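**Student:** When you get a sec, could you give me coordinates for this:
(chains A and B)
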Amino acid sequence: MDCRLVPSVCSYCGTGCGVLFSVIDGTLVGTYPIKTHPVNEGSLCIKGWNLHEHITSPKRLRNPMIRRNGQLQPVSWDEAIQEAASRLRTVVEEHGPDSVGVLTSAKITNEENYLAQKLARTVIGTNNVDHCARL
Amino acid sequence: MKDIVRTWLESGRIDLFLGYRLVDGHPIPHCFSKERLEEVEQLTESLARYPLEKIAHQMLQKDPAVRIGLMARDCTQRSVRVLAAWNQIDMDRIRVLTMSCCPSDAKDKAFCSYLQEPETGPVRKSNGMPSTGDPDDCRVLPAEERLRRWLYEFQKCIKCYGCRDICPVCFCKDCGLEHEDLMDKGVVPPEVPLFHLIRAVHMAGRCVDCGLCEEACPVGIPLRLLYRKVNGIVTDRFGYRVGQTKDQSPFNVLGEFSPLELSSLDD
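**Tutor:** Okay, here's the model as predicted:
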């Protein structure tokens, strides 16, 4: 039997709580708060406590999908990005750049947030930029 | 201590040992094994407490034949006895290595995060329960005042279920706190005081008084005090002391039967 306890950081919000995954024979079976972590000091919210569940959830999205004729169909990443870009372009051309808003994330890095707002302002042409922590 | 663990692993008396090691300065539970004997050198005592017996319980559920060594405080040993009494673990599969926890002049050092003084602010002092953890300290307050203070404590709950999730003796597959007939979904705080009283009733005759629930509570509800109170009643009325015996508590009147399953008959 192989049992590992792996320290990590909660992936749900930007707070950055320290979590400890218990992994038995390669399967995530539990999440505990890191007691000495300076951010959460041994506590977690309900999402953090159940982090291990979404890894094995049957509802987990495992690949990009496009809805065609009301049905979600698995597609390649290239195809999904191409589809998103061309649909965004159509929206901007038909309704103007301010019809688009860009919501960035607390879970990505500062640099990625910077790139997201840069994309919004220079490529799409809108100042509609907001952040999930304000929703 | 390292020598004992090394000997146990080498001789095959245990297959795995759950203890602590430092990871980036933090004491983190670690599973030591015969295959990686050199790691035993990193074994350390830890002020921070994790429910190692809960991890051992999960391991035994996966493989009932594995033999596990545990770095155990007094509270760990009590919960191992409770888990065995409730047929959750086989005592023959667990070997405990006692570590110094509760303080004494006869010991060099005691390792328990509970020895740190709790912080109490002015709001908690005027609205909350006394932080000493002694039920007798609450009795000096009039009954109405006690009720008001308990309700203040309960309404702080953010329903993280941390008290249940960290509890070494919470092992039920179906939890009453998640049952739709008892608890509304998506409501914070959960029904006051029902949510906490359901848990308190289930802790009577089972709680080992480790205090991990109170440590894990993000809003500082004095759960240990509550469960000490209910456990005190079980001791007074039935003479049953949790973790001191191999018998199940006198509250085990239900046996294999669970009334919670009745609702499925209506589906």
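**Student:** CA only for contacts and neighbour counts going forward, please
**Tutor:** Will do.
**Student:** Would you mind measuring from residue A:22 to chain B?
**Tutor:** As defined by C-alpha to the nearest C-alpha, to the nearest Å, residue A:22 lies at a distance of 8 Å from chain B.
**Student:** Next, that residue: secondary structure please.
**Tutor:** Following DSSP: H, G, I helix; E, B strand; the rest coil, the label given to residue A:22 is strand.
**Student:** To what extent is it buried, counted in neighbours?
**Tutor:** By other C-alpha atoms under 10 Å in any protein chain shown, the residues close to residue A:22 number 23.
**Student:** Over to residue B:137?
**Tutor:** By the criterion of other C-alpha under 10 Å, residue B:137 has 12 neighbours.
**Student:** so it touches residue B:129, yeah?
**Tutor:** No. Using C-alpha atoms under 8 Å, residue B:137 makes no contact with residue B:129, being 9.2 Å away.
**Student:** mind listing the strands for the chain?
**Tutor:** Chain wasn't specified; assuming chain A. Read by DSSP state E, chain A holds these strands, from start to end of the chain: A:3-9, A:18-24, A:27-33, A:65-68, A:71-74, A:102-104, A:129-131.
**Student:** Can you look at chain B instead?
**Tutor:** Along chain B, counting by DSSP E, strands occupy B:16-23, B:26-33, B:43-44, B:68-72, B:94-98.
**Student:** Turn the strands of chain A into CSV, columns for mean pLDDT and distance to residue B:88.
**Tutor:** Listed next are those as CSV, based on pLDDT from 0 to 100; distance: least, C-alpha to C-alpha, whole Å:
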stretch, mean pLDDT, distance to residue B:88
strand A:3-9, 95, 19
strand A:18-24, 96, 18
strand A:27-33, 95, 17
strand A:65-68, 94, 43
strand A:71-74, 94, 43
strand A:102-104, 93, 46
strand A:129-131, 91, 46
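**Student:** In stretch B:139-157, which of the residues would be classed as buried?
**Tutor:** Going by neighbour count (16 or more other C-alpha atoms under 10 Å in any protein chain shown), the buried part of stretch B:139-157 is B:146, B:149-157.
**Student:** Spell out which residues make up each domain of chain A.
**Tutor:** A:3-56, A:65-134 (automatic domain parsing).
**Student:** So which of those domains is the most surrounded?
**Tutor:** Highest mean neighbour count among those (mean count of other C-alpha atoms under 10 Å in any protein chain shown): domain A:3-56, with a mean of 19.
**Student:** quick one, what contacts residue A:22?
**Tutor:** A:3-6, A:28-32, B:55 (C-alpha atoms under 8 Å, 6 or more residues apart in numbering or on different chains).
**Student:** before we move on, back to that, which among the strands of chain A is found nearest to residue B:173?
**Tutor:** strand A:27-33 (14.1 Å; C-alpha to C-alpha).
**Student:** What about residue B:224, how many residues nearby?
**Tutor:** Neighbour count for residue B:224, taken as other C-alpha under 10 Å: 22.
**Student:** In this model residue B:211 seems to touch it, though I could be wrong.
**Tutor:** Yes. Between residue B:224 and residue B:211 there is a contact at 5.4 Å, judged by C-alpha under 8 Å.
**Student:** I'd guessed residue B:39 sits against residue B:32; true?
**Tutor:** Yes. Counting by C-alpha under 8 Å, residue B:32 is a contact partner of residue B:39 at 6.8 Å.
**Student:** neighbour count winner among those two?
**Tutor:** Set side by side, residue B:39 and residue B:32 show more neighbours around residue B:32, with 28 against 16, by other C-alpha under 10 Å.
**Student:** For residue B:114, give me the pLDDT.
**Tutor:** What the model reports for residue B:114 is a pLDDT of 69.
**Student:** need the contact list for the residue nearest to the spatial centre of chain A.
**Tutor:** Nearest to the mean C-alpha position of chain A, by C-alpha atoms, centre = their mean, lies residue A:107 at 6.5 Å. Counting by C-alpha under 8 Å, 6+ apart, residue A:107 makes contact with A:11-14.
**Student:** repeat that for 10 Å
**Tutor:** Shown in contact with residue A:107 (C-alpha atoms under 10 Å, 6 or more residues apart in numbering or on different chains): A:10-16, A:113, A:132-133.
**Student:** Residue B:181 - how many residues pack around it?
**Tutor:** Residues lying near residue B:181 (other C-alpha under 10 Å) number 10.
**Student:** before we move on, back to that, between residue B:224 and residue B:211, what contacts are shared?
**Tutor:** residue B:133.
**Student:** Next one: the residue nearest to residue B:190 when sequence neighbours are not counted relative to residue B:195, how far apart?
**Tutor:** Nearest residue to residue B:190 in three dimensions, chain neighbours excluded: residue B:159, at 6.4 Å (C-alpha to C-alpha, 6 or more residues apart in numbering or on different chains). Residue B:159 sits 9 Å away from residue B:195, going by C-alpha to C-alpha, to the nearest Å.
**Student:** and if you look at residue A:94?
**Tutor:** Separation of residue A:94 from residue B:195 (C-alpha to C-alpha) stands at 53 Å.
**Student:** Correct me if wrong: residue B:67 contacts residue B:57.
**Tutor:** No. Using C-alpha atoms under 10 Å, residue B:67 is not in contact with residue B:57, being 11.2 Å away.
**Student:** overlap in contacts of those two?
**Tutor:** B:90, B:94.
**Student:** All set, thanks.
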